[in-house]
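In: Pasted the sequence and its predicted model underneath.
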Amino acid sequence: MVPKAIADSVVLHSIVDFVSDPLLREIMISHHFSKAFQKQDIKPYEKFHAIRTKYIKSPYLRNLLQQEYLTTKSRVEHPELNSRAIFKEMQSSPVKGIMDDILLSNKRKVIYIDFWATWCAPCLSEFPNSKQIEAYFHNKDVSFVYLCLDSDFDKYKATISRYDLGGQHYFLSAKQSSAIRELFNANGIPFYILIDKDGRILETGNHLRPLSVKDQINKLIQ
């Protein structure tokens, strides 16, 4: 896989070298930085300062990008100020320890676990729906747990902040991520686990998307 910094350089210099129309060029460069902000990545904007100052001339685009940068930077550096989430720090624990902690912390509750990653577009596209069912089951006997796999730690917290997710959040190391994928045969993400009030795993799979599992959760809390 090509390192991210090299890929950014190739894309930006290709735009500069091969797009002759000045307006189209600055729009494409701006779009590239904006896409990085959506992934909670501020490094390209900071690293390629010379390109953006030279080729992005429109005050509107410059101001818009700067505001996106400042907002994203705040989420990356101070995620605790922008989130309702509970962050659990267990990177040194075995996967069994993480699962035990989830069960012990949520006794007599239905537990809905979401495996996701900061780079996983389908995972992120479900977060607005996750937020919706979090609100629907507010003050009910349901716990929402998110396990972030194979991701950058800074982007992990910033992403949770950006989507304003509640629930309990665990960041898994590469070793933990591999172990939990193997434990639950999770070949792709997003991947979900539904656990009843007695701590029994009822169902697992990619199909248990937030809105589709709503009725199942309702039946389990009755």
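Out: Structure received.

In: Grab the longest helix from this structure for me.
Out: Looking only at the chain and at elements set by DSSP state H, the helix with the highest residue count is helix 59-77.

In: hang on, Ala50 is in a helix, isn't it?
Out: Yes. Going by DSSP: H, G, I helix; E, B strand; the rest coil, the assignment for Ala50 places it inside a helix.

In: Could you give the number of residues near it?
Out: A count of neighbours around Ala50, defined by other Cβ atoms under 10 Å, yields 8. C-beta coordinates here come from the backbone N, C-alpha and C atoms, glycine included.

In: Quick check: phi and psi at the closest residue to Pro122 other than its chain neighbours.
Out: Nearest residue to Pro122 in three dimensions, chain neighbours excluded: Pro190, at 5.9 Å (Cβ to Cβ, 6 or more residues apart in numbering). The main-chain torsion angles of Pro190 are listed as degrees, to the nearest 10 and equal phi -70, psi 150.

In: Same question for Phe171.
Out: phi -100, psi 120.

In: still on that earlier bit, next up, the contacts around the residue nearest to Pro122.
Out: Contacts here follow Cβ atoms under 8 Å, 6 or more residues apart in numbering; on that basis Pro190 touches 114-116, 120, 122-123, 126, 206, 209.

In: Any chance of a markdown table for those residues, columns neighbour count?
Out: Written out in a markdown table, the entries for those read as follows (neighbours: other Cβ atoms under 10 Å):
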| residue | neighbour count |
| --- | --- |
| Asp114 | 24 |
| Phe115 | 25 |
| Trp116 | 25 |
| Cys120 | 18 |
| Pro122 | 13 |
| Cys123 | 21 |
| Glu126 | 18 |
| Asn206 | 14 |
| Arg209 | 18 |
